[in-house]
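In: Quick one, structure for this:
(one chain, ligands or ions: 1)
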Amino acid sequence: MTQLLAQHDRALGDHAALVKRGLKLDLTRGKPSPAQLDLSGRMLDLPLSALACADQTDLRNYGSPSGLLELREIFSNAFQVPTTQLLAAGNSSLELMHDAIVFALLRGVPGGEGHWLGYGKIAFLCPVPGYDRHFAICERYGIEMIPVAMTPEGPDMNTVESLVAEDPRIKGIWCVPKYSNPDGAVYSADTVRRLSAMPTAAADFRIFWDNAYAVHHLTDTPAEIADILALCAAHGNPERALIFGSTSKITIAGAGVAFFGSSATNVAWWLDCAGKRSIGPDKINQLRHSQFLRNADGLAEHMRDHAALIRPKFDLVDNILTAELGAAGFASWTNPAGGYYISLQVPHGCARDVVAKVQEAGIVLTPAGAAHPYGIDPQDSTIRIAPTYPDVEEVELAVRALATCVRLVGTQKLFAEASAR
Ligand code: PLP
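Out: Residues are numbered from 1 along each chain as shown. Next up is the predicted model:
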């Protein structure tokens, strides 16, 4: 008890000193840093004099709803989708996911018995912690969200299988299969197989396979995931997976290219739906991308340059948390092999307080609860750290401050529990 009190008093003093410093730092969104964006600077200088692509389409004109063939070829391997079934569409994969939901709600999907709105209240499985913007789409359109716990190998498949087998209202599941947001998990081969093979009560069940971090490795041994599209086909569920991705964190966020891939039937469905709202994608930007990245090797080389810039920040976060919190034993964090985030677990009931204390010191973190449906983390224990955007010095200041606040709130909780005994 005396030792705990001493630890708490030290954390209190450290926090007061921190507040006095008047820092102004932001660790909220996972954005590429300016140095990462500079890696693609040359792309904007590429000559576009030859505005025709391999199939001799004049790129200055309308058309090519599937997008530029050369670019789809470059990304076919990364997204594990045959080129003919991979579309290069708008600038944002989130936009495509949003549209897929809206198309399904208003028109239905192949294999269904009508539009999803006609089924009454429908539901999606939401592995947690997960990506807040997936959950925001569901919330906006009144789709009930059913949380399922994440494990280091993907969602808890026993729960997933039993829920989808029994409840026909469950029309889909959100999946970020590689270096997931926020805990960096990589789905195991068994998880992918079970997702592709599981019986579902809804005949038109869809896996929203958001492979946002397909090529965003932080180590020299890139993670591999099983081929969801091929497995779904092999298990007699060829229409089950809708695959999404983009170059937002490869080239220029907001001015990149998004991709949609699936079975030939779903691709035809997508083109039919999307063709009503656009006559075709921005092929000039797609040409820029294909000239800049050149081929799959060029893409891999470019991603190694990204890793060289951001790996030191991830290492720094791990080193600081280990030094500051390792011995305390009440916090744990992920050490991802790729992606954009680190997930910090603090004692139950402490995440909101930690984020509030950090804010008093001038540092903004993603709100506690954001990685859960409806913004509610029932255990109030997950904090997402996004270290890519700030420079190394800022990451160091912010994470030291965060560790101080975890020590403060954590010892306060332990002290309160000990006093209540
Ligand atoms: N999907 C995941 C899992 C993400 O983490 C993000 C961005 O943070 C996105 C999608 C957004 O992608 P885009 O810029 O292509 O819309």
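In: where's the nearest residue in space to residue 95 that is not next to it in sequence relative to the ligand, distance?
Out: Distances taken as Cβ to Cβ, 6 or more residues apart in numbering place residue 258 nearest to residue 95, at 6.7 Å, with adjacent residues excluded. For the C-beta atoms, the positions are set from N, CA and C on the backbone; glycine is no exception. Computed as Cβ to the nearest ligand atom, to the nearest Å, the residue 258 to the ligand distance reads 5 Å.
In: And for residue 404?
Out: 27 Å.
In: Look at that residue and say how many residues are nearby.
Out: By other Cβ atoms under 10 Å, the residues close to residue 404 number 24.
In: What about the residue nearest to residue 95, how many residues nearby?
Out: By other Cβ under 10 Å, the burial measure for residue 258, its neighbour count, is 22.
In: Then residue 323?
Out: 11.
In: Surely it is within a helix?
Out: Yes. Assigned with DSSP: H, G, I helix; E, B strand; the rest coil, residue 323 falls within a helix.
In: Could you tell me which residues of the stretch 1-150 of the chain lie near the ligand?
Out: With the criterion set to Cβ under 6 Å from any ligand atom, the stretch 1-150 of the chain comes near the ligand through 30, 92-94, 131.
In: A PyMOL selection for the residues you listed, restricted to the buried ones, would help me check which they are.
Out: Selecting the buried subset of those in PyMOL, with 16 or more other Cβ atoms under 10 Å as the burial test, is done by:
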select buried, resi 30+92+93+94+131
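In: Could you provide the residues of the stretch 1-150 of the chain next to the ligand in a markdown table, with additional columns for secondary structure?
Out: Output for those, formatted as a markdown table (three-state DSSP):
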| residue | secondary structure |
| --- | --- |
| 30 | coil |
| 92 | coil |
| 93 | helix |
| 94 | helix |
| 131 | coil |
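In: residue contacts, the residue nearest to residue 95?
Out: By Cβ atoms under 8 Å, 6 or more residues apart in numbering, the residues touching residue 258 are 88-93, 95-96, 244-248.
In: Are any of these buried, and if so which?
Out: Buried among the contacts of residue 258 by 16+ other Cβ under 10 Å: 88-93, 96, 244-248.
In: Narrow these to those in helices?
Out: 93, 96 (DSSP state H).
In: re earlier: for the residues of the stretch 1-150 of the chain next to the ligand, give me JSON lines that also has distance to residue 279.
Out: Output for these, formatted as JSON lines (distance: Cβ to Cβ, whole Å):
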{"residue": "30", "distance to residue 279": "33"}
{"residue": "92", "distance to residue 279": "19"}
{"residue": "93", "distance to residue 279": "21"}
{"residue": "94", "distance to residue 279": "22"}
{"residue": "131", "distance to residue 279": "31"}
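In: pLDDT below threshold where in the stretch 151-300 of the chain?
Out: Along the stretch 151-300 of the chain, the model assigns pLDDT under 70 to no residue.
In: separation between the nearest residue to residue 221 once chain neighbours are set aside and residue 29?
Out: Closest residue to residue 221 apart from its sequence neighbours, by Cβ to Cβ, 6+ apart: residue 337 at 7.7 Å. Separation of residue 337 from residue 29 (Cβ to Cβ, to the nearest Å) stands at 21 Å.
In: Tell me where the longest strand sits in this structure.
Out: When the chain is parsed with DSSP state E, its longest strand is strand 144-151.
In: What is the next helix or strand after that one packed up against?
Out: For strand 144-151, the following helix or strand on the C-terminal side (DSSP states H and E) is strand 154-155. Applying 3 or more Cβ pairs under 8 Å, 6 or more residues apart in numbering; DSSP states H and E, we find strand 154-155 packed against strand 123-128, strand 170-175, helix 189-197.
In: Tell me which of those lies nearest to residue 313.
Out: strand 123-128 (25.2 Å; Cβ to Cβ).
In: for the stretch 251-400 of the chain, what spans make up the strands?
Out: 258-261, 332-333, 342-345, 363-365, 382-385 (DSSP state E, counting those that start in this stretch).
In: Could you dump those into TSV with distance to residue 313 added?
Out: Below are the strands of the stretch 251-400 of the chain laid out as TSV (distance: least, Cβ to Cβ, whole Å):
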stretch	distance to residue 313
strand 258-261	26
strand 332-333	14
strand 342-345	10
strand 363-365	15
strand 382-385	10
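In: which one of the ones you listed lies closest to residue 351?
Out: strand 382-385 (5.3 Å).
In: What pairs with the closest one, parallel or antiparallel?
Out: strand 342-345 (antiparallel) (DSSP bridges).
In: what sits against the closest residue to residue 201 other than its chain neighbours?
Out: Nearest residue to residue 201 in three dimensions, chain neighbours excluded: residue 168, at 3.9 Å (Cβ to Cβ, 6+ apart). For residue 168, the contacting residues are 119, 201-202, by Cβ under 8 Å, 6+ apart.
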